[in-house]
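[1] coordinates only, no sequence provided:
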């Protein structure tokens, strides 16, 4: 099922560029007489801006999470860790009933 999904995704992702490039006339493109429609916002520009914005948001979130983890590691916990006494217990703990 996974291999089928990968193949389907690959065919779907590869079909758009193939159909887009096959719509051009090679002679006009190579001669330089091909003119594409100029629009103010193209999907390519929008996707580049979206990807750049998403990357900035992820970088900011990573910095915030790192600061939170550093704070959690270095904060005052209210007691001195060096002065703790450990005692190993053996046997069953008896249940206290009231």
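    Nice, I can see it. Note that the structure is a prediction, hence the values are computed from the model and not measured.
[2] ranges for the helices of the chain?
    Per DSSP state H, the chain carries helices over the ranges 2-22, 26-31, 43-74.
[3] weakest of those by average pLDDT?
    Lowest mean pLDDT of the helices of the chain: helix 26-31, a mean of 67.
[4] and residue 89, what is it in contact with?
    Residue 89 makes no contacts at all, as judged by Cβ atoms under 8 Å, 6 or more residues apart in numbering. Heads up, the C-betas are built off the backbone N, CA and C, glycines and all.
[5] can you list the domains in this protein?
    1-35, 37-76 (automatic domain parsing).
[6] how far does the longest one sit from its chain's centre?
    For domain 37-76, the separation from the chain centroid amounts to 9 Å (computed by Cα atoms, centre = their mean, to the nearest Å).
[7] only the buried residues of it, if you could.
    Buried residues in domain 37-76, counting neighbours by 16 or more other Cβ atoms under 10 Å, are absent.
[8] out of the helices of the chain, which is closest to residue 91?
    helix 43-74 (35.7 Å; Cβ to Cβ).
[9] for stretch 74-81, measure first residue to last.
    With Cα to Cα, to the nearest Å as the measure, stretch 74-81 spans 13 Å from end to end.
[10] contact partners of it?
    Residues contacting stretch 74-81 (Cβ under 8 Å, 6+ apart): none.
[11] so how far is that stretch from its chain's centroid?
    On Cα atoms, centre = their mean, the centre of stretch 74-81 falls 34 Å from the chain's centre.
[12] ditto for stretch 3-14
    Distance, stretch centre to chain centre, for stretch 3-14: 21 Å (Cα atoms, centre = their mean).
[13] now stretch 8-18
    22 Å.
[14] circling back: so which of the helices of the chain gets nearest residue 84?
    Comparing those by Cβ to Cβ, helix 43-74 comes nearest, at 18.1 Å.
[15] any chance of CSV for the helices of the chain, columns distance to residue 83?
    Formatted as CSV, the helices of the chain follow (distance: least, Cβ to Cβ, whole Å):
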stretch, distance to residue 83
helix 2-22, 55
helix 26-31, 78
helix 43-74, 19
